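> My questions are about this predicted structure, shown below with the sequence.
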2 protein chains.
Amino acid sequence: MPKRVDHAERRTDIAEALIRVAGRRGLHAVGMRDVAAEAGVSLRLVQYYFQTKEKLLLFGLEQLAERFGERVSARVRAAGDSPGPRAMVEALLMAALPADDESRTFHHLYTSYAVLAMTDRALAAQPFIKNPDAAEDALTELLRQAQEADLLDPDVDARLEAAGLLAMSAGLGTSILVGQRSPESATTVLDHHLNRIFRTGDAVLT
Amino acid sequence: MPKRVDHAERRTDIAEALIRVAGRRGLHAVGMRDVAAEAGVSLRLVQYYFQTKEKLLLFGLEQLAERFGERVSARVRAAGDSPGPRAMVEALLMAALPADDESRTFHHLYTSYAVLAMTDRALAAQPFIKNPDAAEDALTELLRQAQEADLLDPDVDARLEAAGLLAMSAGLGTSILVGQRSPESATTVLDHHLNRIFRTGDAVLT
DNA sequence: AACGTCATGGTACGTTCGTATCACGAAACC
DNA sequence: GGTTTCGTGATACGAACGTACCATGACGTT
């Protein structure tokens, strides 16, 4: 073989170019030529590493979900040291809100992909079921721990509560992106809910 | 003027054709030719009544939001007779969940439009701020009434609670559309929340 | 040293899309 | 009753898109 280049690395480079340009102009507006230009390679190369646009999109979604999952769990881990379970719950939910650019891009593109998945039933069943389920499991576990530490209202069903909180966070995220609500307002709404669920009325929000 | 046709009527006909075909194949996949075929008219006519695709899309969104608003308020009104405020709250939230075809189409397309609105900041600022705000006002009012009738936990902030419930409903709706969650499961989550907010533990869900 | 294969560039092809143009019948107005 | 205006059809145009094809260095293998 000649230059023997690392295919995996090349693919993630291109996929991140896709994420960047799609985050700027919208997923519906990006073509392979845009991705190629953003990545600084020729159109032919994008075709070479991903044979078809559909495969590129699919890989981009996986990349997006993976990166965001790492971001959230990093924040939860960082919050794990100090004030207890509620801080971790808040870290998880707040990290999911589109307050900074990275999170905005994620929400924007993830929603775009979700819309595609509504018709192309086959497209990426995994990322839209497996990842949210994992998040729900993680949040459920955090709530259970809080419940065992007697910090939580005992008559909440941890699993149902986790599902509700995540759905609420997602819904608030969308309303932020479309300009209906400010990130601060969304934080207030979330915190109000947590205040009623947790026994201590302390707000630890940012 | 010759045949003097009712422009407004024609426009809504075409817009509903747009909604039908977009609901089937996805908003990203419909062109003016598809809309024309679905409406049973020529491409030229679609151009004639809407000069540009953007105007067609805009009118379609207004039409969509209007129809859905009527649907929800009709259901709330229908539930207003019998068992009290909670039934109306449930009616509002449940009507917004994508359980039937009409509601599924609405969620699907509304989300598609929301994605477009994230980049085309100008596109339809109204429908994505005015309508949700109106829904929030209505739900807030219902919650306040329940609170005055002493049916509600007195330490809930009606406005914040309304915002949270609507965001949760929207988030659950999306998770249904992507196949992560069943409508029944979403209903359970919503009802669990209402059970903790309302003083009576009665579930009046469908 | 020759060869085959990998990485890459350039470019062409066929399709589809939104929009514009030309044409024409019919009806209302003076 | 002629003229103007409205509703409608058919079709053409230019751009953009995804994909396919052809060519050509560069390098490891034999």
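Received, thanks.
> what about the longest helix in chain A?
Assignment by DSSP state H gives helix A:53-79 as the longest helix of chain A.
> How about that helix and chain B, touching?
No: contact of helix A:53-79 with chain B is not found when judged by C-beta under 8 Å from any C-beta of the partner chain; the minimum separation is 11.9 Å. Every C-beta, even on glycine, is put in place using the N, C-alpha and C of the backbone.
> how about that helix: buried residues?
By neighbour count on 16 or more other C-beta atoms under 10 Å in any protein chain shown, the buried set for helix A:53-79 is A:56-61, A:63-65, A:67-68, A:72-73, A:75-76, A:79.
> how close does the residue sitting nearest the centre point of chain A sit to DNA strand D?
For chain A, A:F68 is the residue whose C-alpha lies nearest the centre (C-alpha atoms, centre = their mean; 4.7 Å). Counting by C-beta to the nearest atom of the strand, to the nearest Å, the gap from A:F68 to DNA strand D is 24 Å.
> same question, A:Q126
According to C-beta to the nearest atom of the strand, A:Q126 and DNA strand D sit 21 Å apart.
> tell me the secondary structure for that residue?
Following DSSP: H, G, I helix; E, B strand; the rest coil, A:Q126 is assigned to helix.
> What is the burial count for it?
Number of residues near A:Q126 (other C-beta atoms under 10 Å in any protein chain shown) recorded here: 12.
> Per-residue pLDDT of it, please?
Here the pLDDT value assigned to A:Q126 is 82.
> For it, give me its contacts.
Applying C-beta atoms under 8 Å, 6 or more residues apart in numbering or on different chains to A:Q126 gives no contacts.
> ok, which stretches of chain A are helices?
Ranges of helices within chain A are A:7-25, A:32-39, A:43-49, A:53-79, A:85-95, A:101-119, A:125-148, A:158-177, A:183-197, based on DSSP H.
> now chain A, which segments are flagged as low pLDDT?
Applying pLDDT under 70 to chain A flags residues A:1-3, A:81-82, A:200-206.
> By proximity to DNA strand D, which residue of it wins?
Across chain A, no residue is closer to DNA strand D than A:G31, which sits at 2.7 Å (C-beta to the nearest atom of the strand).
> quick one on the thing from earlier: DNA strand C is nearest to which of the helices of chain A?
DNA strand C sits nearest to helix A:43-49 of all the helices of chain A, at 3.6 Å, using C-beta to the nearest atom of the strand.
> Any chance of TSV for the helices of chain A, columns distance to B:V21?
TSV is the format used below for these (distance: least, C-beta to C-beta, whole Å):
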stretch	distance to B:V21
helix A:7-25	25
helix A:32-39	26
helix A:43-49	31
helix A:53-79	22
helix A:85-95	38
helix A:101-119	12
helix A:125-148	24
helix A:158-177	24
helix A:183-197	34
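> Please identify the deepest-packed of those.
helix A:158-177 (a mean of 24; mean count of other C-beta atoms under 10 Å in any protein chain shown).
> Can you show me the CA trace of that helix as PDB?
Taking C-alpha atoms only, helix A:158-177 is exported to PDB below (Å, rounded to 0.1, in the frame of the first residue of the first chain):
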ATOM      1  CA  ALA A 158     -37.600   6.900  39.800                       C
ATOM      2  CA  ARG A 159     -38.000   5.500  36.300                       C
ATOM      3  CA  LEU A 160     -41.100   7.500  35.400                       C
ATOM      4  CA  GLU A 161     -39.500  10.600  37.000                       C
ATOM      5  CA  ALA A 162     -36.300  10.100  35.000                       C
ATOM      6  CA  ALA A 163     -38.300   9.700  31.700                       C
ATOM      7  CA  GLY A 164     -40.300  12.800  32.500                       C
ATOM      8  CA  LEU A 165     -37.300  14.900  33.400                       C
ATOM      9  CA  LEU A 166     -35.500  13.900  30.200                       C
ATOM     10  CA  ALA A 167     -38.500  14.600  28.100                       C
ATOM     11  CA  MET A 168     -38.900  18.000  29.700                       C
ATOM     12  CA  SER A 169     -35.200  18.800  29.200                       C
ATOM     13  CA  ALA A 170     -35.500  17.900  25.500                       C
ATOM     14  CA  GLY A 171     -38.600  20.000  25.100                       C
ATOM     15  CA  LEU A 172     -37.100  22.900  26.900                       C
ATOM     16  CA  GLY A 173     -34.000  22.500  24.700                       C
ATOM     17  CA  THR A 174     -36.100  22.800  21.500                       C
ATOM     18  CA  SER A 175     -38.000  25.900  22.800                       C
ATOM     19  CA  ILE A 176     -34.600  27.500  23.400                       C
ATOM     20  CA  LEU A 177     -33.400  26.800  19.900                       C
END
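> How far off centre is it?
Offset of helix A:158-177 from its chain centre (C-alpha atoms, centre = their mean, to the nearest Å): 12 Å.
> Over to stretch A:153-167?
Here stretch A:153-167 is found 20 Å from its chain centre; the criterion is C-alpha atoms, centre = their mean.
> is any part of that stretch close to chain B?
Yes: if you take C-beta under 8 Å from any C-beta as the test, stretch A:153-167 does meet chain B, through A:153, A:155-157, A:160-161, A:163-164, A:166-167.
> could you check the angle helix A:101-119 makes with the longest helix of chain A?
Taking axes from the mean of the first three to the mean of the last three C-alpha atoms, to 10 degrees, one finds helix A:53-79 and helix A:101-119 inclined to each other by 130 degrees.
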